[in-house]
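**Student:** need a structure here:
(one chain, ligands or ions: 1)
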Amino acid sequence: MRVITMALTLTLAATAVALAGETVTITLPPESIALKAGAGLDQTQTACRACHSLDYITIQPGGGPAQWQGVVTKMMKVYGAPISEQDAKAIGEYLATHYGPAQ
Ligand code: HEC
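**Tutor:** Take a look at the predicted model:
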């Protein structure tokens with residue numbers, strides 16, 4: 001029970017820091033996946049490897065704009081990815097262009 005209380009306290013503390021708008025720096029493990037070059041690559045790399053490897057993108061069957069925008073929206077709304085509307089649009093377009101049905 002004490003462990004649970006401790007974990008809960010830490011979670012709340014982390015949430016409080018995030019809500020206060022402070023910058024939190026984390027070091028991510030090395031990424032072995034190189035995404036294709038193109039407009040929107042920077043935003044995609046930054047936003048999409050915070051929680052999992054970029055191979056989540058490259059192993060998907062190619063999707064059109066609606067499919068990829070849906071994935072980006074899901075990451076934001078369901079999993080809480082902190083992505084601005086502007087970046088979300090750029091990422092959706094990048095993914096549909098470089099990881100679309102024809103690629
Ligand atoms: C806040 C954490 C987080 C971020 C940031 C994030 N994802 Fe995810 N993603 C998840 C979780 C959680 C899952 C589902 C669990 C799993 O399979 O690991 C997932 C799964 C996926 C999947 C597998 C299919 C699916 O829908 O479950 C794809 C594709 C994907 N993410 C793409 C992206 C893209 C593209 C971005 C950048 C816009 C992104 N993710 C950013 C958390 C995140």
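**Student:** What does Gly64 show for phi and psi?
**Tutor:** Main-chain torsions, Gly64, degrees, to the nearest 10: phi -80, psi -180.
**Student:** Do I have it right that it meets Ala96?
**Tutor:** Yes - between Gly64 and Ala96 a contact is recorded at 5.8 Å, counting by C-beta atoms under 8 Å. (Each C-beta comes from the backbone N, C-alpha and C, glycine too.)
**Student:** Tell me how many other residues crowd Ala90.
**Tutor:** For Ala90, the count of nearby residues is 20 (other C-beta atoms under 10 Å).
**Student:** Please disregard the earlier target; I meant Thr73.
**Tutor:** Thr73: 14 neighbours (other C-beta under 10 Å).
**Student:** Spatially, which residue comes closest to it, not counting chain neighbours?
**Tutor:** Ala88 (7.1 Å; C-beta to C-beta, 6 or more residues apart in numbering).
**Student:** Phi, psi for the one you found please.
**Tutor:** Given degrees, to the nearest 10, the pair of backbone angles that Ala88 has is phi -60, psi -40.
**Student:** neighbour-wise, which of Gly64 and Ala96 wins?
**Tutor:** A count of neighbours by other C-beta under 10 Å puts Ala96 above the other of Gly64 and Ala96, at 20 against 13.
**Student:** What are the contacting residues of the helix or strand harbouring the more buried one?
**Tutor:** Here Ala96, judged by DSSP states H and E, is contained in helix 85-98. With contacts defined as C-beta atoms under 8 Å, 6 or more residues apart in numbering, helix 85-98 is touched by 35-36, 38-41, 43-44, 47-48, 57, 63-65, 67-69, 71-73, 76, 83.
**Student:** Would you mind listing which of those residues are buried?
**Tutor:** Among the contacts of helix 85-98, the ones that count as buried by 16 or more other C-beta atoms under 10 Å are 35, 40-41, 43-44, 47-48, 57, 63, 67-69, 71-72, 76, 83.
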